[in-house]
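In: model this:
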Amino acid sequence: MTSAALEGPLAPELIGASSTPLLESKPADIFAFAMLAFELLTSTPPFNGQPPAVAALLVSQGARPEFPQNAEDLGLTTHTRNLLHRCWDPDPMQRPTINEVVDTLESINSNE
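Out: Numbering: from 1, shown residues only. Below you'll find the predicted structure:
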């Protein structure tokens, strides 16, 4: 894994954990998916302008990216934002599975 792959905000349980295998944490993958989705949907990186170390500190303290004022205009409905918040749950076991994410996205898409 390149250092560039580690520049985005990691799941809180991975920050500072040297013994956690990065590739074997499905809840951490869900957290990362939501960060990527946030960036794709808003065209703004999570914690934009913050150095990676500061972003990691913020995540470890429970901070999550703030949605822009024009979130609805960008297609970030309340349902989409709620899904991303669920994916960012500080408790990895409370995050949805990828199947739940897909089902929720399909439901959101069919209702719009």
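In: so how far is Ser25 from Ile108?
Out: Using C-beta to C-beta, to the nearest Å, one obtains 25 Å as the distance from Ile108 to Ser25. Every residue, glycine included, has its C-beta placed from N, CA and C.
In: okay, now Gln69: neighbour count?
Out: As a burial measure, Gln69 scores 7 neighbours (other C-beta atoms under 10 Å).
In: roughly how far does it sit from Thr80?
Out: Between Gln69 and Thr80 the distance, using C-beta to C-beta, works out to 16 Å.
In: and what of Leu57?
Out: 27 Å.
In: these two: which has the busier surroundings?
Out: In this comparison of Leu57 against Thr80, neighbours counted by other C-beta under 10 Å, the higher total goes to Thr80 at 22 against 15.
In: moving C-terminal of the longest helix along the chain, what's the next helix or strand?
Out: With secondary structure taken from DSSP state H, the chain has its longest helix at helix 26-42. Elements were assigned by DSSP states H and E; along the chain past helix 26-42, the next helix or strand is helix 52-60.
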